[in-house]
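Peer 1: Okay, sequence plus prediction incoming.
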Amino acid sequence: MSGNGESRETLRRRADEARDRLMLTLDALDRRRHELFDVKLQLKRHPAAAASLGAGALAVVGVLGFFAWRVSHREQHLWRERAHALARAFAHPHRVASRKQAPFAAELGRQVLLGLCAFVALELGKRAIVRVLPAE
């Protein structure tokens, strides 16, 4: 007899039942693991997700390919652009550069006004954030 009044046979039977339940749980987990990594089964179960994943991967490859092509042809593109700019300059020399420039005082006033507007916008933004956030 054990300390709590159960016989040895009862304890053995309970231990066997616990082992059986544990083995069933482990078998179920193993089956789920195999199902998880079975690509064909996952494609059958989730066709929309597989299609969207494939489309996303294709889009990423396409964008990366486009940028790789742009980088590889950048030098050629720059030379072509320069040649077109030179041709435009010879065709319309009056459009190449403007001799008219804003007076220094007007440019300085514009820059100061722009800085003042940026400062006011930042201060208003800070005050709005302080009102929204709870005080610590």
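Peer 2: It's in.
Peer 1: Need the contact partners of the helix or strand of the chain with the lowest mean pLDDT.
Peer 2: Sorting the helices and strands of the chain by mean pLDDT, DSSP states H and E puts helix 74-91 at the bottom, at a mean of 86. Applying CB atoms under 8 Å, 6 or more residues apart in numbering, the contact partners of helix 74-91 are 70, 95-96. Glycine gets a C-beta too; all of them are placed from N, C-alpha and C.
Peer 1: repeat that with 10 Å
Peer 2: The contact list for helix 74-91, computed with CB atoms under 10 Å, 6 or more residues apart in numbering, reads 70, 73, 95-97.
Peer 1: for those residues, which one is nearest residue 37?
Peer 2: The nearest member of the contacts of helix 74-91 to residue 37, counting by CB to CB, is residue 70 at 38.1 Å.
Peer 1: What is the host helix or strand of residue 52 packed up against?
Peer 2: For residue 52, the element it lies in under DSSP states H and E is helix 47-72. Under the contact criterion of 3 or more CB pairs under 10 Å, 6 or more residues apart in numbering; DSSP states H and E, helix 47-72 touches helix 39-45.
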